[in-house]
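S.K.: this one's structure only:
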């Protein structure tokens, strides 16, 4: 390796590091007004299969000022006394300097409003960038990747907002160079999504009962049961037995929402017939007398592995019943478990429950988990929290303090309306989300 080292503050160490262990060869540059050649000569260790050639640039002075310049050129590696250079472009003549490109996100760039399920065109401008990754800020310092290795020359990408996206007014888009994330751009301001916030049904079976669900046995003595964690059905009792059993959801009204989704977790122990999910619009009290339509769901491919399903039911309307159907035979009886059943959609109502008042307040965090803080300059007189159908679920007397906090850890996830009355009698309401 040819080296020009005419700076007392720095030097270079050239090393061959073999993969067989601590068998290194080192040679160091010396300060000189002329070019010098660093040479390493030796034998390949018996166990070695690869080697790494390293150049380390570092300071050697006691009063290091962070500034030294060393030049290198003509890197040559030969083997067995030959003259062929095994290093490609060792003379650096065909090497190119790394150029940091530029990226400018042009849309959405802040202030836009979308609904879950909408198709959005993401647009950008770029120079000296080959591929980009696209991210969206989802709150609490976290970004979720939407797309990767997108050809930067396209300049745009059509993206469909997931139908189950949460509503929030704090979304920020970010694009970055796929090979250099120091080159990026973000929305200048946040944009909002009218999201998938209206809870139509939720059941986690944590109370140890079916809640509003009903179990119906058509064949066999075994029936759906509930633990403190999930609902389950097992057709085995000493031996595999013939069973047909249904777990029927309570009625779900789908006329006041759009982009509805059904989510649930499912897992199994022991191989058997597949669990099935159906829906009916004419069910009354008897599963055998209703018309049922099979829905496609994802089932786990191995025992004791949880599979989370997200089933698009937005094509359905009116009052709908869903049901899980379990089958076992005298030769095959699996054990199936379902949990965290959640049906939600986007509120299609044109007005809120309350009229927006005069006094602006601070409400955070939104979305929230275990608490909700409210502040206002006039002092908080009272706070009321209503669920999506207008039922009061939380109330506190604010005692006219500047900031008050609601404990929300026991609330189910979904959309809520917070109503704040200040000391002057002004009323402000806002939608908030429990994650």
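M.R.: That came through, no problem. As the structure is a prediction and not an experimental result, all values here were calculated from the model.
S.K.: where does pLDDT dip in the stretch 101-250 of the chain?
M.R.: Under the criterion pLDDT under 70, the flagged ranges of the stretch 101-250 of the chain are 140.
S.K.: which residues of the stretch 151-300 of the chain fall in strands?
M.R.: Ranges of strands within the stretch 151-300 of the chain are 156-160, 168-177, 180-186, 191-194, 198-203, 214-219, 225-226, 231-234, 243-248, 252-253, 257-269, 276-280, 293-295, based on DSSP state E, counting those that start in this stretch.
S.K.: quick one: strands adjacent to the third one?
M.R.: Put plainly, it is strand 180-186. Sheet pairing for strand 180-186, assigned by DSSP bridges, gives strand 168-177 (antiparallel).
S.K.: now tell me what touches the strand it pairs with from outside.
M.R.: By CB atoms under 8 Å, 6 or more residues apart in numbering, the residues outside strand 168-177 that reach it are 101, 103, 105, 108, 110, 122, 124, 129, 131-139, 143, 152, 183-187, 189-193, 195, 366-367, 433. Bear in mind the C-beta positions are built from the backbone N, C-alpha and C, glycine included.
S.K.: let's go with 7 Å and repeat that
M.R.: Judged by CB atoms under 7 Å, 6 or more residues apart in numbering, the contacts made with strand 168-177 from elsewhere in the structure are 101, 103, 105, 108, 122, 124, 129, 132-137, 139, 143, 183-187, 190-193, 195, 367, 433.
S.K.: excluding sequence neighbours, find me the nearest residue to residue 336.
M.R.: Leaving out its chain neighbours, the residue that sits closest to residue 336 by CB to CB, 6 or more residues apart in numbering is residue 275, at 4.5 Å.
S.K.: the one you found - how many residues pack around it?
M.R.: Taking other CB atoms under 10 Å as the neighbour definition, residue 275 ends up with a count of 20.
S.K.: what separates it from residue 102, distance-wise?
M.R.: Spatial separation of residue 275 from residue 102 under the definition CB to CB, to the nearest Å is 52 Å.
S.K.: go ahead and confirm residue 150 touches residue 157.
M.R.: Yes. Using CB atoms under 7 Å, residue 150 and residue 157 qualify as a contacting pair, with a distance of 5.9 Å.
S.K.: any shared contact partners between the two?
M.R.: Counting by CB under 7 Å, 6+ apart, the residues touching both residue 150 and residue 157 are residue 134.
S.K.: re earlier: wait, the residue nearest to residue 336 sits on residue 328?
M.R.: No. Counting by CB under 7 Å, residue 275 does not reach residue 328; the two are 10.7 Å apart.
S.K.: which among the strands of the stretch 151-300 of the chain is found nearest to residue 398?
M.R.: Ranking the strands of the stretch 151-300 of the chain by distance to residue 398, with CB to CB as the measure, places strand 168-177 first at 24.2 Å.
S.K.: before we move on, the earlier item: in JSON lines, list the strands of the stretch 151-300 of the chain along with distance to residue 31.
M.R.: Listed next are the strands of the stretch 151-300 of the chain as JSON lines, based on distance: least, CB to CB, whole Å:
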{"stretch": "strand 156-160", "distance to residue 31": "54"}
{"stretch": "strand 168-177", "distance to residue 31": "39"}
{"stretch": "strand 180-186", "distance to residue 31": "34"}
{"stretch": "strand 191-194", "distance to residue 31": "58"}
{"stretch": "strand 198-203", "distance to residue 31": "74"}
{"stretch": "strand 214-219", "distance to residue 31": "86"}
{"stretch": "strand 225-226", "distance to residue 31": "80"}
{"stretch": "strand 231-234", "distance to residue 31": "77"}
{"stretch": "strand 243-248", "distance to residue 31": "82"}
{"stretch": "strand 252-253", "distance to residue 31": "81"}
{"stretch": "strand 257-269", "distance to residue 31": "68"}
{"stretch": "strand 276-280", "distance to residue 31": "77"}
{"stretch": "strand 293-295", "distance to residue 31": "77"}
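S.K.: pLDDT at residue 287, what is it?
M.R.: pLDDT, residue 287: 96.
S.K.: renumber starting at 22 from here on
M.R.: In the new count, where the first residue is 22, that last one comes out as residue 308.
S.K.: how about it: what's its closest non-neighbour residue?
M.R.: Sequence neighbours aside, residue 267 is the residue nearest to residue 308 in space, at 4.6 Å (criterion: CB to CB, 6+ apart).
S.K.: buried among the contacts of strand 189-198? Make that a PyMOL selection.
M.R.: To isolate the buried ones among the contacts of strand 189-198 in PyMOL, judged by 16 or more other CB atoms under 10 Å, type:
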select buried, resi 124+126+129+143+145+150+153+154+155+156+157+158+160+164+204+206+207+208+211+212+213+214+216+388+454
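S.K.: what's near enough to touch residue 51?
M.R.: By CB under 7 Å, 6+ apart, the residues touching residue 51 are 26, 57.
S.K.: and the gap between it and residue 34?
M.R.: Per CB to CB, residue 51 is found 12 Å from residue 34.
S.K.: ok, now residue 75?
M.R.: Separation of residue 75 from residue 34 (CB to CB) stands at 8 Å.
S.K.: before we move on, what about residue 157?
M.R.: From residue 157 across to residue 34, the span is 45 Å (CB to CB).
S.K.: so which bits of stretch 279-291 are buried?
M.R.: 279, 280, 281, 282, 283, 284, 285, 286, 287, 288, 289.
S.K.: then stretch 356-369?
M.R.: Of the residues in stretch 356-369, those buried under the neighbour-count criterion (16+ other CB under 10 Å) are 356-368.
S.K.: let me see the backbone angles for residue 444.
M.R.: phi -70, psi -20 (degrees, to the nearest 10).
S.K.: ranges for the helices of the stretch 222-371 of the chain?
M.R.: Chain-ordered helices for the stretch 222-371 of the chain, with DSSP state H, counting those that start in this stretch as the definition, do not occur.
S.K.: got the contact list for the residue positioned nearest the centre of the chain?
M.R.: Within the chain, the residue whose C-alpha comes closest to the C-alpha centroid is residue 165; the distance, by CA atoms, centre = their mean, is 4.7 Å. With contacts defined as CB under 7 Å, 6+ apart, residue 165 is in contact with 156, 157, 159.
S.K.: no further questions, thank you.
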